[in-house]
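1. All I have is the shape, not the residue letters:
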C-alpha cells in the first residue's frame, strides 16, 4: 500500500479489538510500512440492534486515518502525549455518551488504544519517557493498565497517578457508571411496555 499510495494519499480503515497484542500488531505494521496515524475518530461499529451488540462486546470502531511518514509532529515527550491521549479519550467518551449511546469498559479500552497508537505513531521515532526511548508495546501496556484502573474504579491512593490522570480516570469511570444506569433504565422501560 505504501508503494502505490501517492505521497498525499490516505489509507483509511476501521479497527477495534479487545486484546492488547492486536493493537500492538496493527501499530507495528503501520510503522514498518512507513505510515503514521493522523486521526482516530470513533464511530458506532453497527446499529443498536446489531448481532454483535450483546453485553461485553465492543460497540465502537476507531477509524484509522493513516498518512505516509514523516509526521510533522514535534512533541516526542511521552508524559505530555499521555495527557493528550487521555484528554481525547475523555472527549470522545463524553461525546458518545451525550449522543445517548452506551459506553462500557471495553469501549473505553478501544478508544484509549486507538488514541495511543495515533499519538505514538505521530511522535515516532524518538519518543522518550524521562529521556529513555519508549516502545509501542510499553506505551500500550501503560495505557492498558490505565484502562484497567478505570474498569476497577480503584481509589486514587491505590495506584500512583498524577493528579491530572486521576481526574481523567474518575471522569471515565463516571461516564461508564452513567451509561450503565441509562441503559438499565431503558431496558426496564422496554420490559414494562
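-> Okay, I see it. Since we're looking at a predicted model, the values are computed, not measured. Numbers count the residues shown, from 1 in each chain.

2. What is the one helix or strand residue 36 maps to packed up against?
-> In the assignment (DSSP states H and E), residue 36 maps to strand 35-39. On a contact count with 3 or more C-beta pairs under 8 Å, 6 or more residues apart in numbering; DSSP states H and E, strand 35-39 meets strand 60-68, helix 105-123. To be clear about C-beta, it is placed using only N, CA and C from the backbone, and glycine gets the same treatment.

3. hmm, try it at 10 Å
-> Applying 3 or more C-beta pairs under 10 Å, 6 or more residues apart in numbering; DSSP states H and E, we find strand 35-39 packed against strand 11-15, helix 20-32, strand 60-68, helix 105-123.

4. tell me the most buried of these?
-> Comparing the helices and strands packed on strand 35-39 by mean neighbour count (mean count of other C-beta atoms under 10 Å), helix 105-123 comes out on top with a mean of 25.

5. who does that helix touch, helix- and strand-wise?
-> Partner elements for helix 105-123 (3+ C-beta pairs under 10 Å, 6+ apart): strand 11-15, helix 20-32, strand 35-39, strand 42-44, strand 60-68, helix 78-98, helix 136-152, helix 163-192.

6. give me the number of residues near residue 95?
-> Here the count is done by other C-beta atoms under 10 Å, and residue 95 has 11 residues near it.

7. Same question for residue 2.
-> As a burial measure, residue 2 scores 14 neighbours (other C-beta under 10 Å).

8. what sits against it?
-> Contacts for residue 2 (C-beta atoms under 10 Å, 6 or more residues apart in numbering) come out as 9, 11, 30, 32-35, 66, 68-69.

9. Out of those, the closest to residue 131 would be?
-> Closest approach between the contacts of residue 2 and residue 131, by C-beta to C-beta: residue 69, at 23.5 Å.

10. ok, that closest one to residue 38 distance?
-> Distance, residue 69 to residue 38, using C-beta to C-beta, to the nearest Å: 11 Å.

11. anything in contact with each of those two?
-> 121-122.

12. Excluding chain neighbours, what is closest to residue 86?
-> residue 168 (4.4 Å; C-beta to C-beta, 6 or more residues apart in numbering).

13. Show the pLDDT at that neighbour.
-> pLDDT for residue 168: 71.

14. who's in contact with it?
-> Contacts of residue 168 by C-beta under 10 Å, 6+ apart are 82-83, 85-87, 89-90, 93, 146, 150, 161-162.

15. what about burial for the residues you listed, which qualify?
-> Burial by neighbour count, 16 or more other C-beta atoms under 10 Å: within the contacts of residue 168 this picks out 82, 85-86, 89-90, 93, 146, 150, 161.

16. okay if I get these as CSV plus distance to residue 124 and pLDDT?
-> What follows is those, written out as CSV (distance: C-beta to C-beta, whole Å; pLDDT from 0 to 100):
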residue, distance to residue 124, pLDDT
82, 15, 89
85, 14, 91
86, 19, 88
89, 20, 88
90, 24, 85
93, 25, 83
146, 20, 82
150, 26, 72
161, 25, 51
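
17. pretty sure residue 94 is touching residue 101, no?
-> No - in this structure, residue 94 is not within contact of residue 101 by C-beta atoms under 10 Å, at 11.4 Å.
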